[in-house]
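>>> Give me a model of this one.
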Amino acid sequence: MTKLTLAAANTLIEAAFKKAAEAGMKPLTVVVLDAGGHPKAFQKQDGSSMLRYEIAAGKAYGALAIGMDSRALEPMAKDRPHFIEGLNAVSGGRIVPVPGGVLIKDSAGEILGAVGITGDTSDNDELCAFAGIEAAGFMQK
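Numbering: from 1, shown residues only. Got it, this is the predicted structure:
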């Protein structure tokens, strides 16, 4: 099994920032969590606004909580708000149910952690997460 090392997490973050720069995105904040939901790495670009750490971590934590990318949480929040309220209640309010939280998997499909990105649109945040995961040699699906 491949491990989510600090070096790999930093490679992921660097690649996500590169993707954002190439696309002219707003300043990002990136949080990489291990499979247990603990922070592995975090970087916040200059100009990224306050609470961005909490938002990025909430996207990644939500992905880990349900075992799917946080994009899956957005329709649940609309269709089953009681479910998301319950998840937030049992997690101490740690889940942000919008795209930008993506699971990090090894080649066998085992979940190694998750990345959460915020700062631009949720769709663009997610694109940067995919780019970072790929650059670090991991799988997202």
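
>>> now the helices for the protein?
For the chain, the helices defined by DSSP state H occupy 6-23, 52-66, 73-79, 81-90, 122-135.

>>> ranking those by burial, who's on top?
Burial of these is given as mean neighbour count (mean count of other Cβ atoms under 10 Å); helix 52-66 ranks first at a mean of 24. Bear in mind the C-beta positions are built from the backbone N, C-alpha and C, glycine included.

>>> mind saving the C-alpha coords of it as CSV?
Output in CSV follows, covering the C-alpha atoms of helix 52-66 (Å, rounded to 0.1, in the frame of the first residue of the first chain):
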residue,chain,number,x,y,z
ARG,A,52,-10.4,29.2,4.6
TYR,A,53,-8.5,26.6,6.7
GLU,A,54,-11.8,25.6,8.4
ILE,A,55,-13.7,25.5,5.0
ALA,A,56,-11.0,23.4,3.3
ALA,A,57,-10.7,21.1,6.2
GLY,A,58,-14.5,20.7,6.4
LYS,A,59,-14.6,19.7,2.7
ALA,A,60,-11.9,17.1,3.2
TYR,A,61,-13.4,15.9,6.5
GLY,A,62,-16.8,15.5,4.9
ALA,A,63,-15.4,13.4,2.1
LEU,A,64,-13.8,11.1,4.6
ALA,A,65,-16.9,11.0,6.7
ILE,A,66,-19.1,9.6,3.9
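
>>> Would you reformat the helices of the chain as JSON lines and include distance to Ser107 and mean pLDDT?
JSON lines is the format used below for the helices of the chain (distance: least, Cβ to Cβ, whole Å; pLDDT from 0 to 100):
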{"stretch": "helix 6-23", "distance to Ser107": "14", "mean pLDDT": "98"}
{"stretch": "helix 52-66", "distance to Ser107": "19", "mean pLDDT": "98"}
{"stretch": "helix 73-79", "distance to Ser107": "26", "mean pLDDT": "94"}
{"stretch": "helix 81-90", "distance to Ser107": "29", "mean pLDDT": "94"}
{"stretch": "helix 122-135", "distance to Ser107": "12", "mean pLDDT": "98"}
